[in-house]
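kindly return the folded structure for what I paste below:
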Amino acid sequence: MEILELIQANLLTPIILFFLFGIIAARIKSDLKIPEAISEFLPIYLLAAIGLHGGIEMRNTGFENMLIPMLVAIGLSLLFTLNHYQILRRLGKFNLFDSYALASTYGAVGAVHFSVGLSFLKNQGVSSEGYIAAILAVLEPLAFILAIFMTNMAVSKQIKEKKKSFSDDDSSDIEIGLTQTKTKISKVLHESITGKAIVILLGSIVIGYIIGEEGFQPIKIVFDDMFTGAIVIFMIEMGIIAGQRLDDIKKVGVFLTSFAIIMPMFNGIIGVLVSTALGLSVGGAVMFGLLMASASFIAAPAVLRHAIPQAKPSLYITSALGITFPFNIIVTLPILFMISTLVHTGEGTIDLFHYITEGFM
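Take a look at the predicted model:
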């Protein structure tokens with residue numbers, strides 16, 4: 001199947017159609033709204049379902065089989081975060097705080113992306129290594145911790161430079177002011193790990209590991225058969241929120257808009273190629289690549305508003321939710337699937353990119 005055909009087929013799936021429906025509802029200023037109770041329940045349900053399957057898969061395959069992919073994912077996440085910062089700071093000319101906030105947003109992973117990816121693979125009749133859910137849980141706080149650590153280091157450097165330029169009295173006032181911008185890494189780590197998303201995901205992984213396939217059967221109808229339906233309802237809300245933020249896209253500028261499209265796709269392709277080299281299946285490579293391509297728009301605001309309060313939420317929320325998320329689930333995901341399929345069939349990198357080029361012509 002050509003890439004454009006795959007993207008077109010993806011557009012006609014219930015998940016994407018309901019997401020677009022939510023955007024339209026928001027744009028025509030409908031009073032459609034997902035009840036708050038359901039809105040709070042769905043993310044917990046989706047993470048619990050992902051975690052249970054991940055725990056069962058970990059039990060089936062063994063922890064040692066996921067150790068190398070997890071370490072590689074950690075390395076790539078940290079590398080991408082640092083690379084994002086350099087691009088945003090040097091080429092985009094964003095200030096220190098916005099650069100690190102955006103870098104961590106795009107270095108972190110998105111559970112919503114992950115949920116959509118699982119449903120996409122299910123529609124294609126392809127399975128993936130369930131233990132990637134554990135990688136999702138581990139990667140969630142890493143980019144934030146790195147960005148905040150680097151921000152603190154930069155602030156400390158500013159303190160030293162300012163103290164050399166001013167008198168003792170002035171430098172004391174400056175040191176107090178700049179130090180107030182620093183955030184304790186331990187506090188961020190605690191907030192990240194004890195956040196409800198990580199708690200429910202990790203807890204479900206442990207439970208899935210304990211109960212195994214046999215213990216999962218009594219609850220399979222809830223956490224397997226109903227999974228896609230729950231995502232559909234959740235995507236209506238995501239569409240409504242994205243639709244409400246469309247007017248803010250012009251505020252992020254051309255550079256950040258381009259960054260929000262190009263960098264996730266680049267990261268995702270690297271993720272697919274690297275994970276394939278590690279021996280992951282077609283579906284596993286897609287999910288690994290999708291983790292590398294995703295941006296956090298749920299955990300990021302909760303962490304960054306307290307950790308880097310000087311950064312503008314309108315930049316990292318709008319770019320991640322209003323630009324990257326729709327593009328990823330509509331375009332990037334099918335492309336990653338096509339690349340993974342081609343690489344696993346052994347057509348090679350050169351033929352792969354030739355095929356991609358042909359697909360867009």
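
what about the residue nearest to Met66 when sequence neighbours are not counted, how many residues close to it?
Closest residue to Met66 apart from its sequence neighbours, by C-beta to C-beta, 6 or more residues apart in numbering: Tyr131 at 4.2 Å. The C-beta positions use only the backbone N, C-alpha and C, and glycine is treated the same way. Residues near Tyr131, counting by other C-beta atoms under 10 Å, number 27.

ramachandran coordinates for Tyr131?
phi -70, psi -10 (degrees, to the nearest 10).

buried residues in the longest helix along the chain?
Looking across the chain with DSSP state H, the single longest helix is helix 132-165. Residues of helix 132-165 classed as buried: 132-148, 150-152, 154-155, 159, 162-163 (neighbour count, 16 or more other C-beta atoms under 10 Å).

so what does the helix or strand where Tyr316 lies touch, helix or strand wise?
If you go by DSSP states H and E, Tyr316 is part of helix 313-317. Packing partners of helix 313-317 (3 or more C-beta pairs under 8 Å, 6 or more residues apart in numbering; DSSP states H and E): helix 96-107, helix 249-277, helix 299-307.

deepest-packed of those helices, please.
helix 96-107 (a mean of 27; mean count of other C-beta atoms under 10 Å).

which elements pack onto the helix or strand just after that one?
Using DSSP H and E, the next helix or strand after helix 96-107 towards the C-terminus is helix 111-124. In terms of contacts (3+ C-beta pairs under 8 Å, 6+ apart), helix 111-124 is packed against helix 14-27, helix 36-61, helix 132-165, helix 227-244, helix 282-293, helix 333-344.

those helices: which one's closest to Lys312?
For the helices and strands packed on helix 111-124, the distance to Lys312 is smallest for helix 132-165, at 14.4 Å, taking C-beta to C-beta.

could you give the mean pLDDT of that closest one?
In this model, helix 132-165 has a mean pLDDT of 76.

can you check stretch 263-271 too?
Mean predicted confidence for stretch 263-271 is 97.

ok, and what's touching that stretch?
76, 80, 84, 87, 106, 285, 288-295, 324, 327-328, 331-332, 335-336, 339 (C-beta atoms under 8 Å, 6 or more residues apart in numbering).

now that stretch - C-alpha only, PDB.
Provided in PDB are the C-alpha atoms of stretch 263-271 (Å, rounded to 0.1, in the frame of the first residue of the first chain):
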ATOM      1  CA  MET A 263      11.500  17.100  14.400                       C
ATOM      2  CA  PRO A 264       9.000  14.600  15.700                       C
ATOM      3  CA  MET A 265       8.900  12.900  12.300                       C
ATOM      4  CA  PHE A 266      12.700  12.800  12.200                       C
ATOM      5  CA  ASN A 267      12.900  11.400  15.800                       C
ATOM      6  CA  GLY A 268      10.300   8.800  15.000                       C
ATOM      7  CA  ILE A 269      12.100   7.600  11.900                       C
ATOM      8  CA  ILE A 270      15.300   7.300  13.900                       C
ATOM      9  CA  GLY A 271      13.400   5.400  16.600                       C
END
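
ok so, going back, which of the helices and strands packed on helix 111-124 comes out lowest on mean pLDDT?
helix 132-165 - the lowest mean pLDDT of the helices and strands packed on helix 111-124, at a mean of 76.

now it, how far from the chain's geometric center?
With C-alpha atoms, centre = their mean, to the nearest Å as the basis, helix 132-165 stands 18 Å off its chain's centre.

what does stretch 27-46 give?
In terms of C-alpha atoms, centre = their mean, the centre of stretch 27-46 is set 20 Å apart from its chain centre.

list the buried residues of it.
Buried residues in stretch 27-46 (16+ other C-beta under 10 Å): Ile34, Leu42, Pro43, Tyr45, Leu46.

and of the residues you listed, the nearest to Phe227?
Of all these, Leu46 has the smallest distance to Phe227: 7.5 Å, by C-beta to C-beta.

correct me, but that closest one touches Phe227?
Yes - with contacts counted by C-beta atoms under 8 Å, Leu46 reaches Phe227, the gap being 7.5 Å.

show the contacting residues for Ile205.
Ile205 sits in contact with Gly51, Leu52, Gly54, Gly55, Met58, Ala133, Ala134, Ala137, where contact means C-beta under 8 Å, 6+ apart.

which two of the residues you listed have the greatest separation?
Longest span within the contacts of Ile205, C-beta to C-beta: Leu52 and Ala137, 12.8 Å.

pLDDT score assigned to Arg90?
Reported pLDDT for Arg90: 95.

counting neighbours, what do you get for it?
By other C-beta under 10 Å, 10 other residues sit near Arg90.
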